[in-house]
Structure formats: structure tokens, C-alpha cells
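In: What follows is a predicted protein model with its sequence.
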Amino acid sequence: ALRGQARALAERVNADPGVSSAEVGWSLLRSRTLFDHRAVVIGQDREELVAGLEALATGEPHPGLVHPGRAADSTGQTVFLFSGQGSQRPGMGAELHNRYPVFAEAFDEVCSLLDPHLEHPLRQVVFDADPERTGLLDHTTYAQ
């Protein structure tokens, strides 16, 4: 079924060169069921992405294709995103903290290390959604 979906998607993308890779990715992410069997195609342009889809459809290896039981043939590097000051918002991370124990553990550890150096506990500043107290989140001390 996964190969069939890859084939159908490759045909659809090839049939409409006006649709962008970003639009296809967004639509797949937001409108499709997350099935147990899935794959990821990584590419820098439309041609690489379509080639990855076609490889998945035919069962062939491809450097930008990742799916269970197989690793990508590419030798890419780990990427970290540091969004910088200005991307913070009141209550950010609270839902992650509630849902994901690994995130909660890491966040709690960071708080325990930083709180002795801060005027207000970090968790309080980050998770507080009260508009009267959210100004601290924009201060460099807490945003960074």
C-alpha cells in the first residue's frame, strides 16, 4: 500500500508542476492519517523529491528515502534550529511538558539549573499565560 501511495503521489505531483513541494508536504502532514507504515523523502528540490517517491514506489534504494527498517544512504549532518529571541509565546512548551515525559525531564533539569540565577522561576515565566505577567517572557534574561 505504501508503494502504491508513493506511485500515486509521484504521478499527481508530476501532473501539476504548479504545485510546490511545500504545499504537497503541508497537505500530507495536515490532511493524511499517520499510518504505521510510512516513509519520508528528503530532497533539496522538486526533482529529488519526485525521484525519492519513484524509488519508494518501485522498491529501489534512494539517498533521500527513509522508511522503517532502512536508513537513508545520505551522509547528512544533524541539524539544530535555534529560532532566536522573538519566537517565544506565553504558555509555550506547557502542552509538550504535559504530554511528553522526555521533554518534561529535560525542561525540569534546565529549570533546576537556571532558577538559582533568575529573579523568577523559569517554568512560571514560560508557562504563565496571564497577559498581565507575560512581559517577562520577552526580556532577554528569560527568552534566551
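Out: Here it is on my side, so go on.
In: how close does R123 sit to T140?
Out: Applying CB to CB, to the nearest Å, the value for R123 to T140 is 18 Å. The C-beta positions use only the backbone N, C-alpha and C, and glycine is treated the same way.
In: try G93
Out: Using CB to CB, G93 is found at 18 Å from T140.
In: For these two, indicate the residue with more neighbours.
Out: Between G93 and T140, G93 has the larger neighbour count (other CB atoms under 10 Å), namely 15 against 7.
In: from memory the more buried one sits against F127, does it?
Out: Yes: in this structure, G93 is within contact of F127 by CB atoms under 8 Å, at 7.1 Å.
In: Which residue is the nearest non-sequential neighbour of H67?
Out: Leaving aside its sequence neighbours, H67 sits nearest to A39 (CB to CB, 6 or more residues apart in numbering; 3.5 Å).
In: What helices and strands are in contact with the helix or strand encompassing W26?
Out: Using DSSP states H and E, the element containing W26 is helix 21-31. Using 3 or more CB pairs under 8 Å, 6 or more residues apart in numbering; DSSP states H and E, the elements in contact with helix 21-31 are helix 2-15, helix 46-58.
In: Out of those helices, flag the one nearest P101.
Out: helix 2-15 (30.1 Å; CB to CB).
In: Centre of the chain to that closest one, how far?
Out: 23 Å (CA atoms, centre = their mean, to the nearest Å).
In: Can you tell me what sits against that helix?
Out: With contacts defined as CB atoms under 8 Å, 6 or more residues apart in numbering, helix 2-15 is touched by 19, 24, 28, 35, 37-39, 46, 49-50, 53-54, 56-59, 67.
In: Could you identify the buried members of those?
Out: Among the contacts of helix 2-15, the ones that count as buried by 16 or more other CB atoms under 10 Å are V24, A39, L49, V50, L53, E54, L56, A57.
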